[in-house]
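Chemist: Got a predicted structure plus its sequence, pasted below:
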Amino acid sequence: MELYIRNMTESYATEILNWSYPPPYDFYNNELSQEGLDELVNNQYLAVIDQDENLIGFYCIGQSAQVPKGNEFDVYEKRMVDIGLGVRPDSTGKGFGSEFFKLFLKEFMKRRIPPH
C-alpha cells in the first residue's frame, strides 16, 4: 500500500478527533472541539493518506508530540526529538504500521528536523 503525507486540514483534523478506539485503547479518544481543531491544524501535525486519499493516520513532532503531563515530571530532554503517531482505529492491526513508520522516517530524515 502506498502512503503519502499531506498538510493537516480542518477536514482531516475533524475526522481524527471523531475517531473512536475500543478498550483498552480508548484513552486515545478525543472530543471534537475548537481547541482540538486548533491543536491539529495550527501545529506540527501532518496527515498520512493512502492512494485513494483516505486518511490513515497522522504524526507530529517536537513540542506538539509531548504529553503535557510529562512536563510536570521533567521527562522531556532538550536534545531529543519527540514524535507522536496516530492510526485510524479501523486501520490498526492491518499491516500499515511498518509502511507508516518508514514513511515517517523518510520524511523526518529529509526535513532534518532539529531537536527542540
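Modeler: Received it, and whenever you're ready, just let me know what you need. Numbering: from 1, shown residues only.
Chemist: Residues in contact with the helix or strand of the chain with the lowest mean pLDDT: which ones?
Modeler: Scoring the helices and strands of the chain by mean pLDDT, DSSP states H and E places helix 68-72 at the bottom, with a mean of 72. The contact list for helix 68-72 (C-beta atoms under 8 Å, 6 or more residues apart in numbering) reads Tyr76. Quick note: C-beta positions are derived from backbone N, CA and C, even for glycine.
Chemist: buried residues in the helix or strand following that helix?
Modeler: Using DSSP states H and E, the next helix or strand after helix 68-72 towards the C-terminus is strand 83-87. Going by neighbour count (16 or more other C-beta atoms under 10 Å), the buried part of strand 83-87 is 83, 86-87.
Chemist: Among those residues, find the lowest-pLDDT one for me.
Modeler: Across those, the bottom pLDDT score, 88, is held by Ile83.
Chemist: Now that that residue has come up, it's in contact with Phe104, right?
Modeler: Yes: assessed by C-beta atoms under 8 Å, Ile83 is found in contact with Phe104 at 7.3 Å.
Chemist: shared neighbours, the two?
Modeler: The contact lists of Ile83 and Phe104 share Tyr59, where a contact means C-beta under 8 Å, 6+ apart.
Chemist: Tell me which residue is most central in this protein.
Modeler: Tyr59 (2.6 Å; C-alpha atoms, centre = their mean).
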